[in-house]
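Student: no sequence on hand, only this structure:
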């Protein structure tokens, strides 16, 4: 098995009511790959950075068993930079600055060795690029998971609908699900989105956990009860990484295993928010992950 | 065993984006009693209505095994009326009109036969009245559960803190927990509230379920995945009724039974929102309740 991850790579400047980090490594491709690397290998990364991107961070990705043949490094280019400030309760944030830099002309070219990947995650990028990646594949993958955002729902609606016909799993947050369907009720919104051609969809609800919809199954996963969240950035991408990582490791798409994948995703998201950027995803152990998984069981288990 | 319920009794006019009900019977005491009546008996009601309150509704309460000796009927008085309009997504509402009427001078006098009740629920009323009820008890109950609201948190803060020292379980919603503690993080807010002298507290999160805190235990209960909610009014009180009803029936306050009580509360809340006012709580069967409980198990169960 092999997992292809395509998405953004960024240097983020993050302000929360409690602190600040400058030029923290982030971007969907990095969070997804790093989180998935605790479950499966090889992982094949496609993304673009400038020559200002720290070599130590590329070495970190390699140390996690992530193939960087598809990582484009643009000489004399600058890496995509995003800067944002979280509100008091960390549930909302304002973007302070976006510099697309080399990401503006990102062309997700797949190396030959990537084209027969068994699993694919399309991080939150322009749906036109997501389609391009799907078209580049030499073999239909077992599972394609995709993410998107408000910008594409509004500005690339038709292209996004085309993507949704060609992928298996969509992971979005609650406001995106509502925007995509103009439907305030989340359950109705999920049903509407499923009818666009998906087999499975997940709605992330931040501090309220996540909902899985697959066939007739609905599963409600709790969020980890954190008293101190350092930085919510990347939680959703870490979720996607844990989710696909679990599925790639187990190669079982039954409803009961999808539930376990949602919990594995929740576990990785819960680690992610404990430190700035991708720091918390750098040195986890299998025992850390197993213990957190057990905590999730305790959190939602009750007797019949 | 016996359960004492003290709270408001109202005629509510409810507008949602989908419909409207005029003078629907409501109020915390009615919802709590009706929901609890599916689990336990006898239930002793204390509340006040005017002579305009439908006799058929009093007959309904009696038919559910609810003792109405403590129900004060003020001759030539008018029942408390509330009118509200729910927003598009049903998560928020605006109060359009409040007529306190006979509720303005409500004095919750306990009949002698009520004073040794084993379980007590203090619905959302002025904390001064909640204290008065506690002081009237002839014997310390096994468990006192109380609810409150933003108005009392702001305007009767000291009295509310006194109540919290004298009750066992507080049930509030997320915004109330945040307001009471000036703490945006719900887990921290719950910990702070626990330190005021409670053994157990529950935070209701509407469409996102509920959180139970008891000793070192945290439990996350899902919400029922409704596609069509008719009327959210009374969901929180129905939750409280199912919660205390389960505990009164089982007489077991262990953490694992508290979790089951939270699910029983969630079950009753899920029925409540299916019709206007208390209508949905009028003709449930044990099988309905058992089936819904099983649905909640399916909704949150995953393998280890």
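Tutor: Great, that's in hand. Given the structure is predicted, the values throughout are model-derived calculations rather than measurements.
Student: setting aside sequence neighbours, what's the nearest residue to the residue nearest in space to the middle of chain A?
Tutor: Nearest residue to the geometric centre of chain A (CA atoms, centre = their mean): residue A:237, 2.3 Å. Distances taken as CB to CB, 6 or more residues apart in numbering or on different chains put residue A:31 closest to residue A:237, at 3.4 Å, once the chain neighbours are dropped. In this view, the C-beta of every residue, glycine as well, is placed from N, C-alpha and C.
Student: can you list the residues of chain A near chain B?
Tutor: Contacts of chain A with chain B, taken as CB under 8 Å from any CB of the partner chain, map to A:88-90, A:178, A:184-188, A:191, A:205, A:207-209, A:211, A:218-223, A:225-229, A:256, A:259-260, A:262-263, A:294, A:297, A:299-304.
Student: what are the buried residues along the helix or strand containing the residue nearest to the centre of chain A?
Tutor: Using DSSP states H and E, residue A:237 sits in helix A:235-250. Residues A:235-249 are the ones in helix A:235-250 that count as buried (16 or more other CB atoms under 10 Å in any protein chain shown).
Student: check stretch A:118-133 too.
Tutor: A:119-127, A:129-133.
Student: just stretch A:82-89 next, same as before
Tutor: A:82, A:83, A:84, A:86.
Student: check which helices and strands the one helix or strand the third one maps to sits against.
Tutor: Going back to what we said before, that points to residue A:84. Here residue A:84 sits within strand A:80-86, counting by DSSP H and E. Packing contacts for strand A:80-86, counted by 3 or more CB pairs under 8 Å, 6 or more residues apart in numbering or on different chains; DSSP states H and E, involve strand A:10-16, strand A:93-99.
Student: contact partners for the closest residue to chain B within the stretch 1-150 of chain A?
Tutor: When scored by CB to the nearest CB, the stretch 1-150 of chain A has residue A:89 as its residue closest to chain B, at 3.7 Å. Neighbour list for residue A:89: B:178, B:184, B:185 [criterion: CB atoms under 8 Å, 6 or more residues apart in numbering or on different chains].
Student: report the contact partners of the residue nearest to residue A:73 when sequence neighbours are not counted.
Tutor: Spatial nearest neighbour of residue A:73, chain neighbours left out: residue A:49 (5.7 Å); criterion: CB to CB, 6+ apart. Residues counted as contacts of residue A:49 (CB under 8 Å, 6+ apart) are A:9, A:71, A:72, A:73, A:74, A:77, A:79, A:80, A:102.
Student: any chance of those residues in JSON lines, plus pLDDT?
Tutor: Putting the contacts of residue A:49 into JSON lines (pLDDT from 0 to 100) gives the following:
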{"residue": "A:9", "pLDDT": "98"}
{"residue": "A:71", "pLDDT": "98"}
{"residue": "A:72", "pLDDT": "98"}
{"residue": "A:73", "pLDDT": "97"}
{"residue": "A:74", "pLDDT": "97"}
{"residue": "A:77", "pLDDT": "97"}
{"residue": "A:79", "pLDDT": "98"}
{"residue": "A:80", "pLDDT": "97"}
{"residue": "A:102", "pLDDT": "97"}
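Student: neighbour-wise, which of those residues leads?
Tutor: For the contacts of residue A:49, the largest number of neighbours (other CB atoms under 10 Å in any protein chain shown) sits with residue A:9, at 30 neighbours.
Student: unless I'm mixing things up, it is touching residue A:53, no?
Tutor: Yes - using CB atoms under 8 Å, residue A:9 is in contact with residue A:53, at 7.2 Å.
Student: list residues touching both of these two?
Tutor: Common neighbours of residue A:9 and residue A:53 (CB under 8 Å, 6+ apart) are residue A:79.
Student: phi, psi for the residue of the stretch 1-150 of chain A closest to chain B please.
Tutor: Note on residue A:89: its backbone torsions stand at phi -100, psi 10 [degrees, to the nearest 10].
Student: could you measure it against residue A:1, distance?
Tutor: Note on residue A:89: its distance to residue A:1, by CB to CB, to the nearest Å, is 40 Å.
Student: taking the residues of chain A next to chain B one by one, which sit in helices?
Tutor: Among these, the members found in helices (DSSP state H) are A:178, A:186-188, A:191, A:256, A:259-260, A:262-263, A:294, A:297, A:299-300.
Student: could I get those residues as a markdown table with distance to residue B:150 and neighbour count?
Tutor: Shown next, in a markdown table, are those (distance: CB to CB, whole Å; neighbours: other CB atoms under 10 Å in any protein chain shown):
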| residue | distance to residue B:150 | neighbour count |
| --- | --- | --- |
| A:178 | 26 | 19 |
| A:186 | 25 | 23 |
| A:187 | 28 | 21 |
| A:188 | 30 | 17 |
| A:191 | 34 | 17 |
| A:256 | 42 | 12 |
| A:259 | 37 | 20 |
| A:260 | 40 | 20 |
| A:262 | 34 | 28 |
| A:263 | 35 | 25 |
| A:294 | 37 | 12 |
| A:297 | 35 | 13 |
| A:299 | 28 | 21 |
| A:300 | 29 | 21 |
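Student: with respect to residue B:163, which of the residues you listed is nearest?
Tutor: Taking CB to CB as the measure, residue B:163 lies nearest residue A:299 of those, at 29.1 Å.
Student: could you pull up the residues touching the closest one?
Tutor: Residues in contact with residue A:299 (CB under 8 Å, 6+ apart) are A:222, A:224, A:225, B:218, B:219, B:220.
Student: isn't the second one right next to residue A:293, touching?
Tutor: No - with the criterion set as CB under 8 Å, residue A:224 and residue A:293 do not qualify as a contacting pair; they are 10.7 Å apart.
Student: and those two? Which one has more around it.
Tutor: A count of neighbours by other CB under 10 Å puts residue A:224 above the other of residue A:224 and residue A:293, at 21 against 18.
Student: hey, where'd the strands end up in the stretch 51-200 of chain A?
Tutor: A:66-74, A:80-86, A:93-99, A:119-122, A:143-147, A:169-173, A:200-204 (DSSP state E, counting those that start in this stretch).
Student: which of those strands sits closest to residue A:19?
Tutor: Going by CB to CB, the one of these nearest residue A:19 is strand A:80-86, 10.3 Å.
Student: and that closest one with strand A:93-99, angle?
Tutor: Strand A:80-86 runs at 160 degrees relative to strand A:93-99, counting by axes from the mean of the first three to the mean of the last three CA atoms, to 10 degrees.
Student: now the angle between strand A:10-16 and strand A:80-86, please.
Tutor: 10 degrees.
Student: and for strand A:80-86, what's in contact with it?
Tutor: A:8-17, A:23, A:26-27, A:48-49, A:92-103, A:231-233.
Student: could I have the PyMOL command that selects the buried members from those residues?
Tutor: Restricted to buried positions by 16+ other CB under 10 Å, the PyMOL selection for those reads:
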select buried, chain A and resi 8+9+10+11+12+13+14+15+16+23+26+27+48+49+101+102+103+231+232+233
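Student: now, which of the contacts of residue A:89 sits nearest residue A:282?
Tutor: Nearest member of the contacts of residue A:89 to residue A:282, counting by CB to CB, is residue B:185, at 24.9 Å.
Student: confidence score at the spatially closest residue to that closest one that is not a sequence neighbour?
Tutor: Once flanking residues are discounted, residue B:185 sits nearest to residue A:227: 6.0 Å by CB to CB, 6+ apart. You'll see residue A:227 listed with a pLDDT of 89.
Student: same check, this time on residue A:91
Tutor: Per-residue pLDDT puts residue A:91 at 80.
Student: that one contacts residue A:205, doesn't it?
Tutor: No - when contacts are counted by CB under 8 Å, residue A:91 is not listed as touching residue A:205 (10.0 Å).
Student: who's more crowded, those two?
Tutor: In this view residue A:91 and residue A:205 are compared by other CB under 10 Å, and residue A:205 has more residues nearby, 19 against 12.
Student: list the contacts of the spatially closest residue to residue A:183 that is not a sequence neighbour.
Tutor: Excluding the flanking residues, the one nearest residue A:183 by CB to CB, 6+ apart is residue A:189, at 4.2 Å. Going by CB under 8 Å, 6+ apart, residue A:189 touches A:177, A:178, A:180, A:181, A:183, A:203.
Student: ok, those residues vs residue A:65, which is closest?
Tutor: Scanning the contacts of residue A:189 for proximity to residue A:65, where the rule is CB to CB, the winner is residue A:203, at 30.2 Å.
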